[in-house]
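>>> Compute the structure for the input listed below.
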Amino acid sequence: MLRGMREPIAGTKPMGAYSPGIIAEGRFVYVAGQGPFRDGEFVPGTIEEETRLTIENLTTVLGQAGATLSQVVRCGVFLADVGDFAAMNAVYAEIFPDPKPARTTIGCALAGGIKVEIDCVAVLPH
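Residues are numbered from 1 along each chain as shown. Take a look at the predicted model:
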């Protein structure tokens, strides 16, 4: 299917004025920051649990675009506490296939009490 220049992707319920994802130029999938939410509600847990659910939400949006984690080329990870890096990284390493995407991890204040947020860019095959 030939896609438009900029096509929104359904997936998770947005917590603000944004699309869960956008397909650009028919090939590049930009997934908005996902967090540990289910049906728009925060699901608090350990950093491992929140990371797992966050990646599940990334997978849902990617799936709506016809992509998988294996097509992700870049991730941005945002942690409320950089002390959670090792635990988040262990879950991330377990779930993302090799070769792992390029990644930046930043410590920052996150809205709503969440511990982790992850965004990504994937490239669909021709």
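
>>> switch to C-alpha atoms for all contacts and neighbour counts from now on
OK.

>>> OK, contacts around Ile118?
32-35, 54-55, 58, 75-78 (C-alpha atoms under 8 Å, 6 or more residues apart in numbering).

>>> ok, and the closest non-adjacent residue to it?
Ranked by C-alpha to C-alpha, 6 or more residues apart in numbering and with sequence neighbours excluded, the top spatial neighbour of Ile118 is Val77, at 4.6 Å.

>>> now do Asp39
Per C-alpha to C-alpha, 6+ apart, closest to Asp39 is Lys13, 6.2 Å.

>>> Neighbours of Ala10, how many?
By other C-alpha atoms under 10 Å, 17 other residues sit near Ala10.

>>> Repeat that for Ala17.
6.

>>> Contacts for the longest helix seen in the chain next, please.
As assigned by DSSP state H, the longest helix anywhere in the chain is helix 47-64. If you take C-alpha under 8 Å, 6+ apart as the criterion, helix 47-64 is touched by 9-12, 20-21, 29, 31, 34-37, 43-44, 68-69, 84, 87-88, 91-92, 114-120, 122.

>>> let's see it at 6 Å
The contact list for helix 47-64 (C-alpha atoms under 6 Å, 6 or more residues apart in numbering) reads 11, 34-36, 68, 88.

>>> can you check stretch 94-109 too?
70, 72-80, 82.

>>> what about the residue nearest to Ile118, which helix or strand?
strand 72-79 (DSSP states H and E).

>>> can you give me the offset of that strand from its chain's centre?
7 Å (C-alpha atoms, centre = their mean, to the nearest Å).

>>> now do stretch 24-34
Using C-alpha atoms, centre = their mean, the offset of stretch 24-34 from its chain centre is 10 Å.
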